[in-house]
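Trainee: Okay, here's the prediction I keep looking at, along with the sequence it came from:
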Amino acid sequence: MNLELRHLRVVCAIAETGSVTKAASTLGLAQPALTAQLQRIERALGGPLFERDRRGARPTALGELVLDRARVLLPAMKGLQDEAARLAGAGDPLRRYRFGGVNSPILGRLVHRLAAERRDVQITTYASWSVDELAQMVAGGRLDFALTGVCGDAAPSAMFGLSWREVAVDPVFVLLPQTHPLADRCEIDLVDLRREQWVAAPGDGCFGDCFAAACSRAGFTPRKVYEADVRAALDLVDAGEAVALCQATFRPVAGLVTRRLAGTPLRWRLLLGWHPDAPAAAVAEPVLESAVAAYTDALAHHPDYLTWLLAHPDFGVQPTGAGGVRTA
C-alpha cells in the first residue's frame, strides 16, 4: 500500500484525540473501519504507530516520527491547494463576487447595490455563524469576500492572511418586546436588565466574553443565555422569555423595539475581508465603498439613530483622510 495524505490525517486525528474511537467519530468513520485502516498504515510503515490500552492511544517512537512529518506535509499541501484555487479564479476576477456573511445587517443592501452597478457580474452569498470558517473559505479561494463583525477593538484571526477593512462602528442595542417595562425609555442602563434572561446567536467570536465583561463592570452576572438562530431569538423575545443584544441598524418586527444601552458598554465593528493575493483584491476598494454606501442606506430607516450618530462622531463610518476607511 502506498502512503497517502489521507493516511497522515488519520494518524494525526488519533494522536490529537488520544483515542481511535474518538478519531473515528471526528473523521465520520466507523471505529472498526478506522482500526483496520490504521493496521494497514502500520504495515506499510513497518511497525506500530501507537501504544493502545484502556487509557487511550499514545504515539510510539515511530509514530512521533510520522507525526512530525505529517504536521509539515499536511499544512503545506493545504497551502498549495489554497494557492491553486486562488490562481484558478484569476482568469476573470470581475465576473463574480462570492460573499460570506455572519449575521450581517447590510449584506442584502450590498448585494442590491452591486447587482445594480454591475449587471454583468454574478453574485452569490454564503451564510455561516463562524468568522473563522468564512476566513478559511476566503483564504482557500472558495469565497471572495467575508462581511462580518467583531466587538470592541478586537480583530479577526490573522492566521488566514486576510486583509480586513472597517466599514462602520456601531453601539450595541438591546431588543425588547414592546410591552417590556423599560420599552418606553430611549436609553437603558445595562444594570437595569440584570434580572433578564438573554438570547444570543451562536458564533466563534469573542462577543460572549465581551458581553459577560460588560455585565461584570455593571455589577452583575447575566442570567441564563439561550442560544438560537435569528428567527427563534425573535420568538423568544416576542414571548417575553428573553431580551437580546442586536446591531444598531437592526429593523425589529412588529411588537419589538430596539433601545440604546447607556454609556455604550458594547461596540460592534463591521468589517470586510479579502485575501490580498486573490483576484478579489483588484476590486476590493470599490466593493468596500459599496459596503459603506449600503451601511449609509440602512441608516435611512433609523432617523433617531442617525441623529445620535451626528452627536457621536466616534461611531458610524470612520474616514481616514480623503474618502478612506480605517484598516482593522
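Mentor: Noted; the coordinates are in hand.
Trainee: can you give me the helices for the stretch 151-300 of the chain?
Mentor: Taking DSSP state H, counting those that start in this stretch to define them, one finds helices in the stretch 151-300 of the chain at 207-217, 230-238, 284-299.
Trainee: Show me what secondary structure element comes after the longest one.
Mentor: If I follow you right, that is helix 284-299. helix 303-311 (DSSP states H and E).
Trainee: mind listing what's buried in that next one?
Mentor: Counting neighbours by 16 or more other C-beta atoms under 10 Å, one finds that the buried residues in helix 303-311 are 305, 308, 309. From N, CA and C alone the C-beta is placed, and that goes for glycine too.
Trainee: ditto for stretch 19-28
Mentor: For stretch 19-28, by 16+ other C-beta under 10 Å, it's 19, 20, 22, 23, 24, 27.
Trainee: same deal with stretch 157-174?
Mentor: 160, 162-174.
Trainee: Can I get that stretch in PDB? Just the C-alpha atoms.
Mentor: Extracted in PDB, the C-alpha atoms of stretch 157-174 (Å, rounded to 0.1, in the frame of the first residue of the first chain):
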ATOM      1  CA  SER A 157      -7.700  35.900  13.500                       C
ATOM      2  CA  ALA A 158      -4.600  36.700  11.500                       C
ATOM      3  CA  MET A 159      -3.800  33.100  10.800                       C
ATOM      4  CA  PHE A 160      -5.700  33.100   7.400                       C
ATOM      5  CA  GLY A 161      -3.700  36.100   6.000                       C
ATOM      6  CA  LEU A 162      -6.700  38.200   5.100                       C
ATOM      7  CA  SER A 163      -6.900  41.900   4.700                       C
ATOM      8  CA  TRP A 164      -9.600  43.500   6.800                       C
ATOM      9  CA  ARG A 165     -11.100  46.900   6.400                       C
ATOM     10  CA  GLU A 166     -13.600  48.600   8.700                       C
ATOM     11  CA  VAL A 167     -17.000  49.600   7.200                       C
ATOM     12  CA  ALA A 168     -18.500  51.200  10.300                       C
ATOM     13  CA  VAL A 169     -18.700  51.100  14.100                       C
ATOM     14  CA  ASP A 170     -22.000  50.900  16.000                       C
ATOM     15  CA  PRO A 171     -23.000  50.700  19.600                       C
ATOM     16  CA  VAL A 172     -24.800  47.500  20.500                       C
ATOM     17  CA  PHE A 173     -28.500  47.900  21.300                       C
ATOM     18  CA  VAL A 174     -30.900  45.800  23.200                       C
END
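Trainee: pLDDT averaged over that stretch, what's the number?
Mentor: Regarding stretch 157-174, the rounded mean pLDDT is 91.
Trainee: Could you give the separation of stretch 206-213 from the chain centroid?
Mentor: 15 Å (C-alpha atoms, centre = their mean, to the nearest Å).
Trainee: Also stretch 181-194?
Mentor: 29 Å.
Trainee: Following the longest helix seen in the chain in sequence, what is the next regular element?
Mentor: If you go by DSSP state H, the chain has its longest helix at helix 61-88. Per DSSP H and E, the first helix or strand lying C-terminal to helix 61-88 is strand 96-101.
Trainee: Remind me what that next one packs against, helices and strands.
Mentor: Counting contacts by 3 or more C-beta pairs under 8 Å, 6 or more residues apart in numbering; DSSP states H and E, strand 96-101 is packed against helix 107-117, strand 122-127, helix 131-139, strand 145-151.
Trainee: With mean neighbour count and distance to residue 216 as extra columns, can I get these in a markdown table?
Mentor: Shown next, in a markdown table, are the helices and strands packed on strand 96-101 (neighbours: other C-beta atoms under 10 Å; distance: least, C-beta to C-beta, whole Å):
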| stretch | mean neighbour count | distance to residue 216 |
| --- | --- | --- |
| helix 107-117 | 17 | 32 |
| strand 122-127 | 13 | 32 |
| helix 131-139 | 22 | 24 |
| strand 145-151 | 24 | 15 |
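Trainee: From residue 157, how far out is the spatially most central residue of the chain?
Mentor: Central residue of the chain (C-alpha atoms, centre = their mean): residue 131, 1.7 Å from the mean position. Distance of residue 131 to residue 157, given as C-beta to C-beta, to the nearest Å: 8 Å.
Trainee: what about the longest strand in this protein?
Mentor: Counting residues, the longest strand in the chain under DSSP state E turns out to be strand 163-177.
Trainee: what does the domain assignment say about the protein?
Mentor: 5-88, 96-169+268-311, 173-265 (automatic domain parsing).
Trainee: Nearest to residue 319, out of those domains?
Mentor: Closest approach to residue 319 among the domains of the chain is made by domain 96-169+268-311 (9.2 Å; C-beta to C-beta).
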